[in-house]
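>>> build the 3D model from these lines:
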Amino acid sequence: VFLTAFFASKVEHESKHCNGKGFQRLGSSAFDRVYTANQNCGHTYPTFLAVLWCAGLLCSPAPAAFAGLMYLFVRQKYFVGYLGERTQSTPGYLFGKRIILFLFLMSVAGILNYYLIFFFGSDFEMYIKTITNAISPLLLIP
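Predicted structure coming up:
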């Protein structure tokens, strides 16, 4: 919520510095960059929330929370990088994709564990939690 409010305030700030009214303007490239970065972050937020919720609920809450905080930091880096040249936003974008993939894989592991318990009676929850706890610090590597 705070990140979205920050992005929206940046869009408003840049739109006030452009000539004309509304979003249909020839405008400056600074406004276009801020507006596009805000739209990109807004479009990925529902996906992030879904995989964060599933990973925390189905697999392990601590690594999911850590990955979620890292994702918010990376999105901030992406947004600020987008304000400069577009190539500056690429590391934040790629890092964010890696975190989303980690959360998605945690969700899949949790679902597979549920079905293994249901069909075969085998519970691999401790192994999955150990692996995710060991892998989550690797998210810090750029």
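>>> past the helix or strand bottoming out on mean pLDDT in the chain, which element shows up next along the chain?
Here the helix or strand of the chain ranked lowest by mean pLDDT, DSSP states H and E is helix 2-16, holding a mean of 65. Next helix or strand after helix 2-16 toward the C-terminus (DSSP states H and E): helix 29-58.
>>> before we move on, what SS does Ile111 have?
The local conformation at Ile111, judged by DSSP: H, G, I helix; E, B strand; the rest coil, is helix.
>>> tell me how many other residues surround it.
13 (other Cβ atoms under 10 Å). Where you see a C-beta, it was placed from the backbone N, CA and C, and this is true even at glycine.
>>> what does Asp123 give?
12.
>>> ok, Leu101 next?
Using other Cβ under 10 Å: Leu101 sits among 11 other residues.
>>> same for the strand or helix carrying Val74, what does it pack against?
Assessed by DSSP H and E, Val74 sits inside helix 61-83. Counting by 3 or more Cβ pairs under 8 Å, 6 or more residues apart in numbering; DSSP states H and E, the packing neighbours recorded for helix 61-83 are helix 2-16, helix 29-58, helix 90-120, helix 125-135.
>>> next, the angle helix 29-58 makes with that helix.
170 degrees (axes from the mean of the first three to the mean of the last three Cα atoms, to 10 degrees).
>>> quick check: Ala67 vs Ala50, distance?
From Ala67 across to Ala50, the span is 13 Å (Cβ to Cβ, to the nearest Å).
>>> err, Ser107, not the other one
Noted for Ser107: a distance of 9 Å to Ala50, by Cβ to Cβ.
>>> what do you get for Leu69?
In this view, Leu69 and Ala50 are 17 Å apart by Cβ to Cβ.
>>> between those two, which one's more packed in?
Neighbours were counted for Leu69 and for Ala50 using other Cβ under 10 Å; Ala50 has more, 14 against 11.
>>> count the residues that sit near the closest residue to Asn133 other than its chain neighbours.
Leaving aside its sequence neighbours, Asn133 sits nearest to Pro63 (Cβ to Cβ, 6 or more residues apart in numbering; 5.7 Å). By the criterion of other Cβ under 10 Å, Pro63 has 23 neighbours.
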